[in-house]
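>>> model this:
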Amino acid sequence: MKSLTNLWQMVSLDMGDLCGTSAALDYELVMRRVEDEGDSFLTITLPTFASDLQKGLDDGCVSPALFSSFRKRGSLPLFLGGFLDRIFDRASGQLLAQPSTADIYAVRQLTLLFSKILRPCSDARNARALKGYLNCEQEVKQWDQRYAEAPDEIGATAFQRMGCLLFGDVLSSLDISIRDGETLPKHGPGATADKLRGNLKYVQTEWPDRLEELFPYTEFCLPNFRHYQVADRVTYLSPGMERPVKVTLVPKTLKTPRIIAIEPTAMQYVQQGIMERLVGLLESDFCLQRRSHIQGMLGFSDQEPNQFLARKGSLTQSLATLDLSEASDRVSNQLVQDLLEPFDYTNQAVQACRSRKADVDGTVVRLSKFASMGSALTFPIEAMVFLTICFLGIEKQLGHRLSRKDISSFRGQVRVYGDDIVVPVDSVDYVIHELETFGFRVNMDKSFWNGKFRESCGKEYYNGDDVSIVKCRRDLPTSRRDVSEIVSAVAFRNLLYKEGCWRTARWLDEQLTLILKGNFPVVLPTSPALGRESFLGYQSQRVDSHLHKPMVKAYALSIDPPASSLYGIDALQKFFLKRGDQPFHDKKHLERQGRPSALHMKLGWYSAV
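Residues are numbered from 1 along each chain as shown. Down below sits the predicted model:
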């Protein structure tokens, strides 16, 4: 705990230098409150302070309800007052005509520094998260009932019409691919409900009956029909015998864990294949020989367009950024079926590989949601649903049905990346209304459209200036055995250095040099060594006699996948599932495969560049 407060002090000195003020009294308050409240002050209370700051920026004033857990003088808290006085008027709480962007950045850096530190939540918070998952599922069931009773009132017909308008070309192409057996399945890297890891995923012995019609085991799990006799090893599962997804908790913040659902191997295998084809079509500029009218409106691998639009919105106030709460868990499967209904093969395929039940802490529940995080199809399907609803809102705001040409005109104004949504400010009230009508919840604390603050895909802007901050993701290491912490601290140090936090970078250099016994040289970002990055270049301790490269003595990660042997027809099947003409990068991929259970470091000579 002390190391975190020391780190906070170093960052506060850097922020004080940046803004020409002192945070000495603020550090004393941090020490007192950490002593009284524990590290929850750093990880929960201070991030709430940042949320209140952003609320004040969006509203244009500090209301009495904001910063409620801090003493105030006038309308502003005393804590970080030297920074806040250059953002708001202390007497009235009103946003200054020209608030200091540097001070906004400083307050956010100091209050969000430990907001995403990777630590397990308390048992009580974990239990509350699981209860929230079940409550959310119950709310989706209730929405389904209302939707079934009054579909026209909610807008089912309009939803399906808009979905066809947006994605008709994409889904028609996917339909043909699935019909003709051209959608090639693949295994993902993650865990599975039946605990198959690495190469063992290719030795599938369970196959749901629901998959057989479109994805027969003998065609999708065997190299060819010559090996038909091996099909005797498989157990075909009736719907009642299928494995449920395993709902599990992974660390996110100390306030609340992240909930994911671990899918069975067979389901994930088919989901990955459909997802790969679907995402490729959605991100393509052309579909069915025509230029896509939704070009650039959906993203799955590149966050920069969302970040660019967030900056544009903060500068011009023409675009709003919206964030959804429990986004994945609130996508009703009934809604997905309506979206895909006109495309029979696609609808059948998506439903066939969708898990219908979930194991929540030993209790098996039937799911009304489409899928939680963990399904390979969650991300693209939810994005399609959100984009459809956004254009329903825009359509209501404009007062007429949209055409393909109308939709094309919104390029650069509408974009969805997961649950990060960008829409025109003029349409935001209509879009929020439609999202809530279809059962979603807009997170008002992370949605912005009134002021000059915008946030999307990990980037934050105020009046066009980047006020994104660097977060400490793990506790600081105390010995060389803390490999994950060392790797995180090195990356954290280098990010702080690039942000101009010189004091903090030097302090971390001292800590890491001690732990690594002096083997912490200056290297380029491309170097495999764990080292310091510098604007002044790199360090060279010797030159490689063969490659003539500058070398340094340092630690580097040694990542060895776990042993996982594969041979015979299963190894042949893995070859046929390979994408492209390139060979496997890892020559030992049939001997070792999967994510390592632990990280290791190795001291040696490595290239500095």
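>>> Phi, psi for residue 250 please.
Residue 250 adopts backbone torsions of phi -130, psi 150, taken as degrees, to the nearest 10.
>>> Isn't it up against residue 261?
No: using CB atoms under 8 Å as the test, residue 250 is too far from residue 261 to be in contact (11.3 Å). In this view, the C-beta of every residue, glycine as well, is placed from N, C-alpha and C.
>>> So between these two, which is more surrounded?
residue 261 (25 against 11; other CB atoms under 10 Å).
>>> roughly how far apart are that one and residue 116?
22 Å (CB to CB, to the nearest Å).
>>> Now do the same contact list for the closest residue to residue 550 other than its chain neighbours.
Of all residues beyond its chain neighbours, the one nearest residue 550 is residue 540 (3.5 Å), with distances taken as CB to CB, 6 or more residues apart in numbering. Contacts of residue 540 were listed using CB atoms under 8 Å, 6 or more residues apart in numbering, and they are 550, 551, 552, 608.
>>> And the third one, which helix or strand is it part of?
So the one you mean is residue 552. Taking DSSP states H and E as the definition, one finds residue 552 inside strand 550-558.
>>> buried residues in that strand?
550, 551, 552, 554, 555, 556 (16 or more other CB atoms under 10 Å).
>>> Can you tell me which of the residues you listed is closest to residue 275?
Closest to residue 275 out of the buried residues of strand 550-558 is residue 556 (33.4 Å), distances taken as CB to CB.
>>> Who are the contact partners of the closest one?
528, 529, 530, 601, 602, 604, 606.
>>> before we move on, what about residue 597?
Shown in contact with residue 597 (CB under 8 Å, 6+ apart): residue 562.
>>> For residue 161, see how far away it is.
Applying CB to CB, the value for residue 597 to residue 161 is 50 Å.
>>> Outline the domain layout of the chain.
2-111, 124-461, 503-607 (automatic domain parsing).
>>> how about these in TSV, adding distance to residue 476?
Shown next, in TSV, are the domains of the chain (distance: least, CB to CB, whole Å):
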stretch	distance to residue 476
domain 2-111	5
domain 124-461	16
domain 503-607	7
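>>> Of all the ones you listed, which one comes closest to residue 496?
domain 503-607 (5.1 Å).
>>> so for that closest one, what's the average pLDDT?
When pLDDT is averaged over domain 503-607, the result is 90.
>>> Make residue 1 into 25 and carry on from there
New numbering, starting at 25: the last item is domain 527-631.
>>> Go ahead and confirm residue 493 touches residue 135.
No: with contact defined as CB under 8 Å, residue 493 does not count as touching residue 135 (9.0 Å).
>>> need the longest helix for this protein.
The helix that spans the most residues within the chain, counting by DSSP state H, is helix 147-173.
>>> Show me what the helix or strand just after that one is packed up against.
Note on helix 147-173: by DSSP H and E, the next helix or strand toward the C-terminus is helix 175-178. Packed against helix 175-178, as judged by 3 or more CB pairs under 8 Å, 6 or more residues apart in numbering; DSSP states H and E, are no other helices or strands.
>>> which parts of helix 175-178 are buried?
The neighbour-count criterion (16+ other CB under 10 Å) identifies residue 178 as the buried residues of helix 175-178.
>>> Over to stretch 460-478?
The neighbour-count criterion (16+ other CB under 10 Å) identifies 461-464, 466, 470-473, 475-478 as the buried residues of stretch 460-478.
>>> gap between the two ends of that stretch?
For stretch 460-478, the first-to-last residue distance is 21 Å (CA to CA, to the nearest Å).
>>> tell me the mean pLDDT over it?
Average pLDDT, stretch 460-478: 95.
>>> what's the answer for stretch 224-237, then?
Mean predicted lDDT for stretch 224-237 stands at 94.
>>> How about stretch 337-349?
96.
>>> contact partners of that stretch?
333-334, 336, 354, 410, 437, 443-449, 452, 455-456, 459, 464-467, 470-473, 475-480, 485-489.
>>> Distance from the chain centre to stretch 357-369, please.
26 Å (CA atoms, centre = their mean, to the nearest Å).
>>> tell me the mean pLDDT for the longest helix of the chain?
pLDDT averaged over helix 147-173 gives 94.
>>> likewise stretch 364-383?
Averaging pLDDT along stretch 364-383 yields 97.
>>> Dump it to CSV, keeping only the CA atoms.
Provided in CSV are the C-alpha atoms of stretch 364-383 (Å, rounded to 0.1, in the frame of the first residue of the first chain):
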residue,chain,number,x,y,z
LEU,A,364,-31.4,-12.4,-38.8
GLU,A,365,-34.9,-13.8,-39.6
PRO,A,366,-34.9,-12.9,-43.3
PHE,A,367,-31.5,-14.8,-43.7
ASP,A,368,-32.4,-18.4,-43.0
TYR,A,369,-29.0,-20.1,-43.1
THR,A,370,-27.4,-17.3,-41.0
ASN,A,371,-30.2,-17.3,-38.5
GLN,A,372,-30.0,-21.1,-38.1
ALA,A,373,-26.2,-21.1,-37.9
VAL,A,374,-26.1,-18.4,-35.2
GLN,A,375,-28.8,-20.1,-33.2
ALA,A,376,-27.2,-23.5,-33.5
CYS,A,377,-23.9,-22.4,-32.0
ARG,A,378,-25.5,-20.2,-29.3
SER,A,379,-25.4,-21.7,-25.8
ARG,A,380,-28.8,-21.8,-24.3
LYS,A,381,-27.9,-22.3,-20.6
ALA,A,382,-25.4,-20.9,-18.1
ASP,A,383,-23.9,-22.3,-15.0
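>>> Let me see the contact set for residue 364.
Contacts of residue 364 (CB under 8 Å, 6+ apart): 195, 370, 371, 374.
>>> Go again with 6 Å.
370, 371 (CB atoms under 6 Å, 6 or more residues apart in numbering).
>>> mind pulling up the phi and psi values for it?
The phi and psi values for residue 364, taken as degrees, to the nearest 10, are phi -100, psi -10.
>>> ok, it to residue 199 distance?
9 Å.
>>> Repeat that for residue 395.
Distance from residue 395 to residue 199, by CB to CB: 20 Å.
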